[in-house]
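Q: Pasting a predicted model and its sequence here:
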Amino acid sequence: MRTLDWVVVFAYIVWVVVDGLRRSKGTDKVDGYFLGNRSLPWWAVGLSVMATQMSAVTLVGTTGQAYSTGLRFVQFYLGLPLAMVILSMTAVPFFHRAKVYTAYEYLERRFDLKTRTLASFLFLMGRGMALGVSLAAPAVVLAAILGWSLGLTVLVICVPMILYTSVGGVQAVAWTDVKQMAIIVSGMFVAVATLVAGIPGSVGVSRAMHLAGATGRLSAVDFHFDPREQYTFWSGLIGGLFLMLSYFGCDQSQVQRYLTAKSADEARHSLLLSAFVKIPLQLLVLTTGVLVFVFYLFQTPPMLFNHAYDARVAAGPLAAEYAALERDFSTTIEARRLAAEANDRQAFLAADGRVRDIRARAADIVKSTTGDTRFTDVNYVFPTFITTHMPIGLTGLMIAAIFAAAMSSSAGELNALATSTIIDFYKRHFVTEADDAHYLLASKLATIAWGLFACLVATQAANLGSLIEVVNRYGSFFYGSLLGVFILAILSKRANGTGAFWGMMVGMAVVLIVAFTSSIAFLWHNVIGAVVVVAVGLGVSFWRPGGSGGINPGTVADAFVITGHDHVS
Amino acid sequence: MREAPDRHFTLIYWAALLLEVLIVLALVALGRAFS
């Protein structure tokens, strides 16, 4: 990082705060603070939806994954366009016209208070912890790359984000998301251009792509059906469909984005933007990772990109073997480069296989020396390329893009956590009658409190160990069940509150059992959860009919005439 | 019952799904061309 790069990063951070604060006009009422007075244009909401989904881990993790395994991760998103179409036909106009602040508000109208409270509680627990963990991942990488302490890096991400989110509410979040998406996308195009320019003229882009293809990195689609495989066409299309329906239709951090649109139709347009753009955007990110692999065929990469444990390995009992591996790695990389330049496919593939084996053995040595069994260098590949090979100024732009991705996804989640806390708990259970100014202040304090909690979790991430895995998997434990409850609510008139509540409990229990006792890939957990909730929910509702508790046990069309009764006014 | 999407949205829905099919076909072709 040179002076100009630091100037670019610093200018970005100052700009995002100033711009966020400037957007706080009209947020002096709770309606403006949480829903932007339902005044935002579809394209801004659509970009905010995509920015909330695209975290910094998407940028650094996905490029690193593509470096190692290629484009196949794109299959994870195959269910997304269909999910967007289904939600645009059902949930989007439905929530918009029901005039709710949170998705869970509707569950009380349709079922009862306990179902709403359980769903909102699950959201708060999952998102609250996940927010800290998702901040920690890029913070750890940026700290290592920039030479900062983890605490300082977390503060540089969190303080501006908490500031503009708490002061400006959802409007500040949405409009900064728009600009952050522009920085991220332009940054990725610049990275692709730099990488393509780095391919030696004697090799050319076409032959370089053949080299990547020879290693299987351009084989994106796998039609083989195996529920144990994480990413296949079928798990992405079916499991991914259920996951995306749940994420965009039942997760407050996304529902709140499209509730800010001017009208139901604008909200539908905003979500449909993702149906067209998300897969191409993800392909851009993955292609960048594959191009980093191609780039390092002609430049010497480090044996491992994560240097966190270099000193400990050098002083450890396997130091001699590690040093020998490094020497072997250098010779093999040179052999691979010569084979690539000579277009000798067999020699190239043999050398590439040897490189993979050496890297795997090196990672094993790090794991056994340090005891860190989760050690990986996937998240360090792209940042290493950025800081060592990008031109001056553009390095700063790319680091700013990683900061932008971290802030934009977290700000939307922070805003949603505050909304659910105030609307589903504080106003519903504790202070039910107070004026707008009171709830506005409480909302700002809730935003700050969740932000500080996320900072705390992020700074402690290194010590949380296996808790991080639990948090990462937590979403898949309840996402399918949450979707099941909304399916019951929207598609069945017979389902009642007791059925929905117990359906959700049994659904989560079944998913937990499946997750811990079988090797079924996590994308299928969402399908299992949703199906169990619907089956149990309907069964219990038939067994114990009545007692819906909601003011209107109607379905999609009926709900259009429901007017809000739970608004903060 | 579900709200009948108007012609405008129906076109957008089909265009989105068609784009996805084309992307999958292009990815399959890419994988085969460069394998």
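A: Yes, it's here. Residues are numbered from 1 along each chain as shown, chains lettered A, B, ... in the order given.

Q: Where do the helices of chain B begin and end?
A: B:7-33 (DSSP state H).

Q: Might you list the low-confidence residue ranges for it?
A: B:1-5 (pLDDT under 70).

Q: What about the residue in it positioned nearest to chain A, how many residues nearby?
A: Nearest to chain A in chain B, going by Cβ to the nearest Cβ, is B:Phe34, at a distance of 2.8 Å. (Glycine included, C-beta is placed from N, CA and C.) By other Cβ atoms under 10 Å in any protein chain shown, the residues close to B:Phe34 number 18.

Q: residues contacting it?
A: Counting by Cβ atoms under 8 Å, 6 or more residues apart in numbering or on different chains, B:Phe34 makes contact with A:209-210, A:212-214, A:218.

Q: Select from those residues the one having the most neighbours.
A: Neighbour max across the contacts of B:Phe34 (other Cβ under 10 Å) = A:Leu218, 23 neighbours.

Q: Give me the spatial nearest neighbour of residue 34, chain neighbours excluded.
A: Here I'm looking at chain A. In space, and not counting its chain neighbours, A:Phe34 is closest to A:Thr419: 5.0 Å by Cβ to Cβ, 6 or more residues apart in numbering or on different chains.

Q: The chain in question should be chain B.
A: The nearest residue in space to B:Phe34 (Cβ to Cβ, 6+ apart) is A:Gly213, at 2.8 Å.

Q: The one you found belongs to a helix, doesn't it?
A: Yes. Using DSSP: H, G, I helix; E, B strand; the rest coil, the assignment for A:Gly213 is a helix.

Q: Is A:Gln282 in contact with A:Val74, as I believe?
A: Yes. In this structure, A:Gln282 is within contact of A:Val74 by Cβ atoms under 8 Å, at 5.6 Å.

Q: Mind checking which of these two has more residues around it?
A: A:Val74 (24 against 20).

Q: right, and the more buried one touches A:Lys278 too?
A: No. With contact defined as Cβ under 8 Å, A:Val74 does not reach A:Lys278; the gap is 10.1 Å.

Q: State the number of residues packed around residue 21.
A: Just so you know, I chose chain A. 16.

Q: I was after chain B.
A: With other Cβ under 10 Å as criterion, B:Val21 counts 10.

Q: what does the one 4 residues further on give?
A: Residues contacting B:Leu25 under the criterion other Cβ under 10 Å number 11.

Q: Roughly how far does it sit from A:Leu82?
A: 16 Å (Cβ to Cβ, to the nearest Å).

Q: now, which of the contacts of B:Phe34 sits nearest chain B?
A: Using Cβ to the nearest Cβ, those come closest to chain B at A:Gly213, 2.8 Å.

Q: how much space is there between A:Ile392 and A:Thr300?
A: Separation of A:Ile392 from A:Thr300 (Cβ to Cβ): 21 Å.

Q: pLDDT value on A:Val30, please?
A: A:Val30 carries a pLDDT score of 88 in this model.

Q: again with A:Val16
A: 89.

Q: what about A:Gly20, which SS state?
A: Going by three-state DSSP: A:Gly20 is helix.

Q: residues contacting the closest residue to it other than its chain neighbours?
A: Distance criterion Cβ to Cβ, 6+ apart; nearest residue to A:Gly20, sequence neighbours excluded, is A:Tyr164 at 2.6 Å. The contact partners of A:Tyr164, by Cβ under 8 Å, 6+ apart, come to A:16-17, A:19-21, A:23-24, A:172-173, A:176, A:411.

Q: Show me which of these are buried.
A: A:16-17, A:19-21, A:23-24, A:172-173, A:176, A:411 (16 or more other Cβ atoms under 10 Å in any protein chain shown).

Q: Mind picking the lowest-pLDDT entry from the residues you listed?
A: A:Ser24 (78).

Q: Does that residue belong to a helix, a strand or coil?
A: coil.

Q: Quick check: the gap between the closest residue to it other than its chain neighbours and A:Ser492.
A: Among residues not flanking A:Ser24 along the chain, A:Gly168 sits closest, at 3.6 Å (Cβ to Cβ, 6+ apart). Remark: distance between A:Gly168 and A:Ser492 (Cβ to Cβ) = 40 Å.

Q: quick one: which of these two has more around it?
A: Taking other Cβ under 10 Å, A:Gly168 and A:Ser492 do not tie; A:Gly168 has more neighbours (28 against 17).

Q: Find the helix or strand that that one is a member of.
A: Assigning secondary structure by DSSP states H and E places A:Gly168 in helix A:150-197.

Q: Grab the nearest non-local neighbour of A:Leu483.
A: A:Ser246 (3.9 Å).

Q: Secondary structure element for the one you found, which one?
A: Here A:Ser246 is assigned to helix A:240-250, by DSSP H and E.

Q: helices or strands up against that helix?
A: In terms of contacts (3 or more Cβ pairs under 8 Å, 6 or more residues apart in numbering or on different chains; DSSP states H and E), helix A:240-250 is packed against helix A:80-89, helix A:252-259, helix A:467-491, helix A:522-543.

Q: looking at those, which is buried most?
A: Looking across these with neighbours counted as mean count of other Cβ atoms under 10 Å in any protein chain shown, the highest average goes to helix A:252-259: a mean of 27.

Q: got the residues of chain A near chain B?
A: Counting by Cβ under 8 Å from any Cβ of the partner chain, chain A comes close to chain B at A:71, A:74, A:78, A:81-82, A:84-85, A:88-90, A:93, A:209-210, A:212-214, A:216, A:218-221, A:233, A:265, A:268-269, A:272, A:275-276, A:279-280, A:283, A:555-557, A:560.

Q: one more time with 7 Å, if that's ok
A: Residues of chain A found near chain B (Cβ under 7 Å from any Cβ of the partner chain) are A:81-82, A:84-85, A:88-90, A:93, A:209-210, A:212-213, A:218-221, A:268, A:272, A:275-276, A:279, A:555-557.

Q: now, among the contacts of A:Tyr164, which is nearest to chain B?
A: Once Cβ to the nearest Cβ is applied, the member of those that ends up nearest chain B is A:Val173, at 25.7 Å.

Q: so who does that closest one touch?
A: Taking Cβ atoms under 7 Å, 6 or more residues apart in numbering or on different chains, we find A:Val173 in contact with A:48, A:165, A:411-412, A:415.

Q: pLDDT-wise, which helix or strand of chain A ranks last?
A: helix A:556-559 (a mean of 40; mean pLDDT, DSSP states H and E).

Q: Is it correct that A:Ile238 is in contact with A:Ala530?
A: No. Using Cβ atoms under 7 Å as the test, A:Ile238 is too far from A:Ala530 to be in contact (11.2 Å).

Q: and the gap between A:Phe258 and chain B?
A: Phe isn't right for residue A:258; it's Tyr. Applying Cβ to the nearest Cβ, to the nearest Å, the value for A:Tyr258 to chain B is 15 Å.

Q: A:Leu271 is in contact with that residue, correct?
A: Yes. Counting by Cβ under 7 Å, A:Tyr258 does reach A:Leu271; the two are 5.8 Å apart.

Q: what sits in contact with each of the two?
A: With Cβ under 7 Å, 6+ apart as the test, A:Tyr258 and A:Leu271 both reach A:49, A:92.

Q: Any stretches of chain A with poor pLDDT?
A: Applying pLDDT under 70 to chain A flags the ranges A:462-474, A:546-569.
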